[in-house]
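Student: got a structure for you, letters missing:
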């Protein structure tokens, strides 16, 4: 089943015509969901999600949370960046970070999975082979990321207004994006030391998709073929990651 606060009583296909299904959105009812489900995907706003996740988890359900509520392991860091109290701190240690290419074993064992953010997914996968193999300097990492307009959400805003975004490109959240601490947390684990990055996202006039260009300094001179080899070895068994040959572009 599927639930929705905004579209309760409507067919999913009425809201998203590209989804050809007869499923009707139900009201959110944790008791009913618990009785009918083994696995629950929670796609609620941050701070709202953690309360629902806690109820489902306490009833023995496997939960994949799409909000940011369980991605950041330090509650003080979460509260600083998301400007709200974390009321389920005891669950943070139970959550597996949901990148299967990095944390496959942890995800298999977990009952709570924190789905990664969009920008962090692109950045962590790009830098993991380099940091884990100690190929790049830990300082001075720069991320230049570009996202389609759907990444800004469904809410009508001036920045996502067609005349504003069409044939244009603009940076946003330059003073600090909420995904920054999530990226720094995971990259620091791989580097086994504290990582600070410079991250600037941009909106570009396409519907969806992200491209992140990551800049870092190599510790030693390497040929392109050698770097390509590290990526191939890292993601050879990862069905969701395609490593393109040198000179190929997506």
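Tutor: Structure received. Quantities reported herein were computed from a predicted structural model and do not represent experimental measurements. Numbers count the residues shown, from 1 in each chain.

Student: contacts and neighbour counts: CA atoms only from here.
Tutor: Fine.

Student: which SS class is the residue nearest to residue 77 when sequence neighbours are not counted?
Tutor: Leaving aside its sequence neighbours, residue 77 sits nearest to residue 181 (CA to CA, 6 or more residues apart in numbering; 7.5 Å). Here residue 181 is recorded as helix under DSSP: H, G, I helix; E, B strand; the rest coil.

Student: quick one: residue 181 from residue 122, how far?
Tutor: Here residue 181 is placed at a distance of 15 Å from residue 122 (CA to CA, to the nearest Å).

Student: cool, and residue 232?
Tutor: 16 Å.

Student: neighbour count: residue 181 and residue 122, which is higher?
Tutor: Taking other CA atoms under 10 Å, residue 181 and residue 122 do not tie; residue 181 has more neighbours (21 against 18).

Student: is it true that the more buried one touches residue 76?
Tutor: No. Assessed by CA atoms under 8 Å, residue 181 is found out of contact with residue 76, at 11.3 Å.

Student: let's test this: name the helix or strand in this structure with the lowest mean pLDDT.
Tutor: Using mean pLDDT, DSSP states H and E, the weakest-scoring helix or strand in the chain turns out to be helix 162-165, at a mean of 83.

Student: and residue 224, how far is that from residue 115?
Tutor: Remark: distance between residue 224 and residue 115 (CA to CA) = 32 Å.

Student: between those two, tell me which one has more neighbours.
Tutor: residue 115 (23 against 11).

Student: what residues are up against that one?
Tutor: Residues in contact with residue 115 (CA atoms under 8 Å, 6 or more residues apart in numbering) are 64-68, 71, 97-99.

Student: let's see it at 10 Å
Tutor: 41-43, 64-71, 95-99, 121 (CA atoms under 10 Å, 6 or more residues apart in numbering).

Student: what subset of the residues you listed is buried?
Tutor: Buried members of these, counted by 16 or more other CA atoms under 10 Å: 42, 64-71, 95-99, 121.

Student: could you tell me which of these belong to strands?
Tutor: 42, 64-65, 95-97 (DSSP state E).

Student: any weak-confidence spans in this protein?
Tutor: Across the chain, nothing is flagged by pLDDT under 70.

Student: strands of this structure, start to end?
Tutor: For the chain, strands defined by DSSP E occupy the ranges 2-3, 25-26, 39-42, 62-65, 95-97, 112-114, 141-147, 170-171, 197-203, 210-215.

Student: quick one: contacts of the second one?
Tutor: Here strand 25-26 makes contact (CA under 10 Å, 6+ apart) with 1-12, 15.

Student: try it again at 8 Å.
Tutor: 1-4, 7-12.

Student: how much does the lengthiest helix in the chain deviate in direction from strand 210-215?
Tutor: In terms of residue count, the longest helix belonging to the chain (DSSP state H) is helix 118-132. Interaxial angle of helix 118-132 relative to strand 210-215 (axes from the mean of the first three to the mean of the last three CA atoms, to 10 degrees): 30 degrees.
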